[in-house]
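Undergrad: Sequence plus the predicted model coming up.
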Amino acid sequence: MRRSRFFLNTILGVVIGAGACSSDRPTLDGPSAPAYSLTSLVSGVLLRCSALPYSSTSATIGSGGGTLVMGPHRLVIPAGALAGDTRITGEVLSDNVNSVRFSPEGLQFQKSATLTLSYRNCAGAALLPVKQVAFTTESLGILELLQSLDQPAQSEVSGGLKHFSRYAVAY
């Protein structure tokens, strides 16, 4: 017991110290999000929610940027992120997690786009640690937890995307 407490305290000290020393913290075009998060280092579990109905939204977005709204979720593509007009589709997938899929799959952005995922339909979400946007496989395996900004008052989490794939809410 004493060894495991020492180990946990050591890890917490390293994480807190690393966060305090960081001076280049990335932002999501708004309030700064922490560069280090104990949740992103220790866990990655998809948030369980009541299923949203399937929906699909498409729009042509060009170099001037634009916004794609998919049910309670939205994708904001800034000016300069795309070189030219691109037909973009966002799908809300009906499942027990809040997830979206974008196409054309693999589309790369020249500037990060911001994906905001709602978790209003997720009972008990307020009691859980900081939520994050997770890049997932089609079978909802977490590949990466993105630098994210959790906004519990709005029951939303935002993360910067560099490419298209499938994304979900995690904690």
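TA: Perfect, I can see it now.
Undergrad: So the chain: which segments form each domain?
TA: 2-39, 55-170 (automatic domain parsing).
Undergrad: what's the closest of those domains to Leu46?
TA: Within the domains of the chain, the stretch nearest Leu46 is domain 55-170; the backing value is 4.5 Å (Cβ to Cβ). C-beta coordinates here come from the backbone N, C-alpha and C atoms, glycine included.
Undergrad: what stretches of the protein score poorly on pLDDT?
TA: 1-43 (pLDDT under 70).
Undergrad: what residue lies at the spatial centre of the protein?
TA: Residue closest to the mean C-alpha point of the chain, counted by Cα atoms, centre = their mean, is Val133 at 1.9 Å.
Undergrad: Now do the contacts for it.
TA: Contacts for Val133 (Cβ atoms under 8 Å, 6 or more residues apart in numbering) come out as 115, 117, 145-146, 148, 157-159, 167-170.
Undergrad: ditto for Gly64
TA: By Cβ under 8 Å, 6+ apart, the residues touching Gly64 are Ala79.
Undergrad: so it is in which element?
TA: For Gly64, there is no enclosing helix or strand under DSSP states H and E.
Undergrad: didn't Cys122 look like it was pressed against Cys49?
TA: Yes: applying Cβ atoms under 8 Å as the test, Cys122 and Cys49 come out as touching, 3.8 Å apart.
Undergrad: what is in contact with the two at once?
TA: Common neighbours of Cys122 and Cys49 (Cβ under 8 Å, 6+ apart) are 98, 169.
Undergrad: Do me a favour and get the end-to-end distance for stretch 47-58?
TA: 26 Å (Cα to Cα, to the nearest Å).
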